[in-house]
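S.K.: Got a predicted model here, sequence first, then my questions.
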Amino acid sequence: MTARGLFLTFEGIDGSGKSTQARRLADVLRVQGREVVLTREPGGSAGAEEIRRLVLEGDPDRWSAETEILLFTAARRDHMERTILPALEAGQIVICDRFADSTRMYQGLSRGDLRALVDQLHDLMIGREPDLTLLIDMDPETGLARAKGRQGSEERFEDFGPELQKRMRQGFLDLSQEYIDRFRVVDGNRDLDAVAQDVADIVLKAL
Ligand SMILES: Nc1ncnc2c1ncn2[C@@H]1O[C@H](COP(=O)(O)OP(=O)(O)O)[C@@H](O)[C@H]1O
Ligand SMILES: [Mg+2]
């Protein structure tokens, strides 16, 4: 797979500012005349958006941990086939709000140690990492407070609570060491513009 575009992902705990910063970055790059595809997971293609509803809505116990990993992987496969790879092959910049690292964390850690299973399925069915991953690092309490301000029906994972948020924050920081070449850690505990400036500096340098 020799795609010409650039594949960027935003990762971090809930409420860290990923969606906000992904939009800001897309705006910055479009103003420069670059072709940008702003997308998200789970979802990002018609089929994957249908799977999104299955994994984010309804009873927290509706899927076993293993089934849930399969659903996330199925959604990602469709998203890769239909949205991400075609855009990269056309030389576009893909900005994805969450990707496989979120599955490594949430599905890999929160319901037992299933990280190896997540990685095996990733190798088998996805087989590609982002070129650059922006980890918005954030104090878990602040993140929770920000996330609580949102309303919606996608609440299957909303009861994660402060303890899990703390574990996830550390897990993401550990992941940034594991994949040190593609991760950049940005301090999200600052105002929007300061975070956006760091993100833009990192991405423009990478381009
Ligand atoms: N740096 C920031 N300072 C203050 N509020 C922020 C900041 N970044 C995002 N927010 C707000 O916090 C909430 C969560 O941000 P969002 O981008 O949705 O986070 P995520 O996608 O990581 O869950 C939103 O209401 C957003 O407007
Ligand atoms: Mg978001």
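M.R.: Looks like it came in fine. Ligands and ions are numbered 1, 2, ... in the order given.
S.K.: Please count neighbours and contacts with C-alpha atoms only from this point.
M.R.: Fine.
S.K.: Which elements pack onto the helix of greatest length in the chain?
M.R.: If each helix of the chain is counted by residues according to DSSP state H, the longest one is helix 161-178. Packing partners of helix 161-178 (3 or more CA pairs under 8 Å, 6 or more residues apart in numbering; DSSP states H and E): strand 132-137, helix 140-148, strand 183-187.
S.K.: And the ones you listed: which comes nearest ligand 1?
M.R.: Nearest of those to ligand 1, taken as CA to the nearest ligand atom: helix 140-148 at 4.5 Å.
S.K.: Next, the buried residues of the closest one.
M.R.: Pro140, Gly143, Leu144, Ala147 (16 or more other CA atoms under 10 Å).
S.K.: Stretch 19-35 now?
M.R.: Here stretch 19-35 shows Ser19, Gln21, Ala22, Arg24, Leu25, Ala26, Val28, Leu29, Glu35 as buried, counting by 16+ other CA under 10 Å.
S.K.: In a markdown table, list the helices and strands packed on helix 161-178 along with distance to ligand 1 and mean pLDDT.
M.R.: Output for the helices and strands packed on helix 161-178, formatted as a markdown table (distance: least, CA to the nearest ligand atom, whole Å; pLDDT from 0 to 100):
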| stretch | distance to ligand 1 | mean pLDDT |
| --- | --- | --- |
| strand 132-137 | 8 | 98 |
| helix 140-148 | 4 | 88 |
| strand 183-187 | 9 | 98 |
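S.K.: Any chance of TSV for these, columns distance to Cys96?
M.R.: Listed next are the helices and strands packed on helix 161-178 as TSV, based on distance: least, CA to CA, whole Å:
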stretch	distance to Cys96
strand 132-137	9
helix 140-148	19
strand 183-187	14
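S.K.: Show me what the worst-scoring helix or strand of the chain on mean pLDDT is packed against.
M.R.: The weakest-scoring helix or strand in the chain, judged by mean pLDDT, DSSP states H and E, is helix 140-148 (a mean of 88). For helix 140-148, the helices and strands in contact under the criterion 3+ CA pairs under 8 Å, 6+ apart are helix 161-178.
S.K.: now the strands: where do they sit in this protein?
M.R.: Counting by DSSP state E, the chain has strands at residues 6-11, 36-40, 93-97, 132-137, 183-187.
S.K.: Tell me who's in contact with Asp191.
M.R.: Counting by CA atoms under 8 Å, 6 or more residues apart in numbering, Asp191 touches no other residue.
S.K.: Give me the neighbour count for the closest residue to Ala147 other than its chain neighbours.
M.R.: Of all residues not flanking Ala147 in the chain, Gly15 sits nearest, at 4.4 Å (CA to CA, 6 or more residues apart in numbering). Using other CA atoms under 10 Å, the number of residues around Gly15 comes to 23.
S.K.: Number of residues surrounding the nearest residue to Phe99 once chain neighbours are set aside?
M.R.: Take Phe99 and drop its neighbours on the chain: the residue closest to it by CA to CA, 6+ apart is Glu41, 5.9 Å away. Each residue near Glu41 was counted by other CA under 10 Å, and the total is 20.
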